[in-house]
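Undergrad: fold the following, please.
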Amino acid sequence: MNILAFETSCDETALALISVDRDQDTFSIQDHVVYSQIKEHSSYGGVVPALAARLHHKKLPEMIQEFIGRNGRDIQAIAATVGPGLEPSLYAGVNQAKVLSTVLNIPFIPVNHMHGHIWSALLNNRGEGQKPNKSEYPFLAYTISGGHTEMVLVRGYNDYEIIGQTMDDAAGEAFDKVSKLLELGYPGGPILSQIAEKGNPFAIDFPRPMSKSGDGNMSFSGLKTAVLYYVQSLSEVTEHDKQDIAASFQQAVIDVLLLKLSWAIQECDIKKVVLGGGVTANTLLRERAQDWSKDNGVPVHIPSLALSTDNAQMIAVVAALDILHEVSGRSSKVNGSLLM
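TA: Below you'll find the model as predicted:
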């Protein structure tokens, strides 16, 4: 069974084709493509929703035509991200996907974007994966992105409980806002991480908000404000200052993320940790998460860099798992919550 998946939750237009073997409970990515809108949004310093939607509408038809021309019409289902995300962008992908499913007279599978980040770690370097067995549950899914920072206890497929989350800014949002404060350009988070590599992570003692709250909840707004006050205290912000600020800020965010992870494994009996979301592309976070894994004896699975940022492969994986778990009747509501 072949499934064509769409991802248009923000400023990436992506397609992926996944093949599902229902006899073997396995799946494999056959082809995928991503078109990034970074160039078009860079002059605005961030994503402009209306512009993103127009670009999706413009790009998707030619991408679909080229994709099907390359892979053929042997498709048995269409999947698309229905939320969470920017509504104009989501509607662009959902509408195109539904039109195609109607024309081809095949099922439409709605997929939650955050589910994609949770399950993308199932894919190996060859783009292959298999249906998890019962012995792999429960595990902790830690989704860290520009819009979300959540710790989710996964007791089974579609059996989720949020045990910790940010009370204000998501970690990735804080990265972007601090980058904008330092006038580093767009996209903010990745640029800040690059600048941080040249700085001293212990130069500035920024706070670790809610590190002693005794629960899984987090806050990054106060940390962002602390950076603002520090910048305002300087008569001049040199390039060296920016490097130290970026490094110290990044260190504080990752400290909080790992402190909360340590809380979670003390509270819950889990088999492994799965990271997902755009912030997991951060080099220091990946390194420190692996160090944490060795220190605590808990396996940590991190998607490849290509699967950490928004892509259609992760949406295809959830659609494949829906098929293998015989899930049907899921809501196609746009901008649905993690637990939809």
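Undergrad: which residues are in contact with Asp168?
TA: For Asp168, the contacting residues are 219-221, by Cβ atoms under 8 Å, 6 or more residues apart in numbering. Every C-beta, even on glycine, is put in place using the N, C-alpha and C of the backbone.
Undergrad: er, Pro107 I mean
TA: Here Pro107 is in contact with 76-78, 101 (Cβ under 8 Å, 6+ apart).
Undergrad: what about 10 Å?
TA: Contacts were defined as Cβ atoms under 10 Å, 6 or more residues apart in numbering; by that measure Pro107 touches 3, 76-79, 101, 319, 323, 328.
Undergrad: show me these that map onto helices.
TA: Among the contacts of Pro107, the members falling in helices are 101, 319, 323 (criterion: DSSP state H).
Undergrad: which of these sits closest to Ala92?
TA: Each of the ones in helices among the contacts of Pro107 was scored against Ala92 by Cβ to Cβ, and Ser101 proved nearest at 15.3 Å.
Undergrad: that closest one against Ala77, yeah?
TA: Yes - the pair Ser101 and Ala77 qualifies as a contact (Cβ atoms under 10 Å) at a distance of 7.6 Å.
Undergrad: now a ChimeraX select for only the buried ones of the contacts of Asp168.
TA: Buried residues among those (16 or more other Cβ atoms under 10 Å), as a ChimeraX selection:
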select :219,220
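Undergrad: show me which of the contacts of Asp168 is closest to Lys39.
TA: Here the nearest of the contacts of Asp168 to Lys39, counting by Cβ to Cβ, is Phe220; it sits at 28.1 Å.
Undergrad: what number of residues lie near the residue nearest to that closest one when sequence neighbours are not counted?
TA: Here the nearest residue to Phe220 in space, its sequence neighbours aside, is Ala174; by Cβ to Cβ, 6 or more residues apart in numbering that works out to 3.9 Å. Residues contacting Ala174 under the criterion other Cβ atoms under 10 Å number 28.
Undergrad: try Leu55
TA: The local packing of Leu55 (other Cβ under 10 Å) involves 20 other residues.
Undergrad: Pro201 too?
TA: 18.
Undergrad: Leu257 should be in a helix, yeah?
TA: Yes - residue assignment for Leu257, taken from DSSP: H, G, I helix; E, B strand; the rest coil, places it within a helix.
Undergrad: hmm, it is touching Val279, no?
TA: Yes - with contacts defined as Cβ under 10 Å, Leu257 counts as touching Val279 at a distance of 8.4 Å.
Undergrad: quick one: Gly46 is in a helix?
TA: No - membership of Gly46 in a helix is not supported by three-state DSSP, which gives coil.
Undergrad: list phi and psi for it.
TA: Dihedral pair for Gly46: phi 170, psi 180, per degrees, to the nearest 10.
Undergrad: ok, now which ones touch it?
TA: 11, 176, 180, 186-188.
Undergrad: can I have the buried ones of those residues as a ChimeraX selection?
TA: For the buried members of the contacts of Gly46, the matching ChimeraX selection, counting by 16+ other Cβ under 10 Å, is:
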select :11,176,186,187,188
